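Colleague: quick one: sequence and predicted model below, then my questions.
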Amino acid sequence: MHGGVVTAFLDEVIGEIVNDLGQRKHVTVQFSTTFLSMAKVGDFLECDCQIVRTTRSMTFIEARVNVAGEAIATASAIFKAMRSAT
């Protein structure tokens, strides 16, 4: 499986978690992926996320993608909350 697919998966999953948590839309400010092993097309990907820190406008996340319980990639991400439309 192409690393871009794994990175896109991570960005989508983490982004949805952050948006749901804060009840506000967020945008990705920084995203870094480290690949540890490969995944094959058809593998079931699981994402484990940990919120490291949350401020008024920023959320810092560490995440891991697992296949069959083994880490294949890790990510560090920063998301910024969008201003609400008034």
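Modeller: Nice, I can see it. Numbers count the residues shown, from 1 in each chain.
Colleague: and the helix or strand of the chain with the lowest mean pLDDT, what does it pack onto?
Modeller: Among the secondary structure pieces of the chain, namely its helices and strands, helix 3-22 has the lowest mean (mean pLDDT, DSSP states H and E), a mean of 88. Using 3 or more CB pairs under 8 Å, 6 or more residues apart in numbering; DSSP states H and E as the contact criterion, the elements in contact with helix 3-22 are strand 26-35, strand 45-54, strand 58-67, strand 70-81. Any C-beta I mention is one placed from the backbone N, CA and C, and that applies to glycine too.
Colleague: gap between it and the chain center?
Modeller: Helix 3-22 has its average C-alpha position 4 Å from the chain's average C-alpha position, going by CA atoms, centre = their mean, to the nearest Å.
Colleague: CA atoms only for that helix - export them in PDB, please.
Modeller: Taking Å, rounded to 0.1, in the frame of the first residue of the first chain, the C-alpha atoms of helix 3-22 are listed here in PDB:
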ATOM      1  CA  GLY A   3       2.500   5.500   2.000                       C
ATOM      2  CA  GLY A   4       0.300   8.400   0.900                       C
ATOM      3  CA  VAL A   5      -2.700   6.200   1.500                       C
ATOM      4  CA  VAL A   6      -1.600   5.500   5.000                       C
ATOM      5  CA  THR A   7      -0.900   9.200   5.600                       C
ATOM      6  CA  ALA A   8      -4.300  10.300   4.200                       C
ATOM      7  CA  PHE A   9      -6.000   7.600   6.400                       C
ATOM      8  CA  LEU A  10      -4.200   9.000   9.500                       C
ATOM      9  CA  ASP A  11      -5.100  12.600   8.600                       C
ATOM     10  CA  GLU A  12      -8.700  11.800   8.100                       C
ATOM     11  CA  VAL A  13      -9.200   9.700  11.200                       C
ATOM     12  CA  ILE A  14      -7.300  12.100  13.500                       C
ATOM     13  CA  GLY A  15      -9.000  15.200  12.000                       C
ATOM     14  CA  GLU A  16     -12.400  13.700  12.600                       C
ATOM     15  CA  ILE A  17     -11.500  12.900  16.200                       C
ATOM     16  CA  VAL A  18     -10.300  16.400  16.800                       C
ATOM     17  CA  ASN A  19     -13.300  18.000  15.100                       C
ATOM     18  CA  ASP A  20     -15.700  15.800  17.200                       C
ATOM     19  CA  LEU A  21     -13.800  16.500  20.500                       C
ATOM     20  CA  GLY A  22     -13.900  20.300  20.200                       C
END
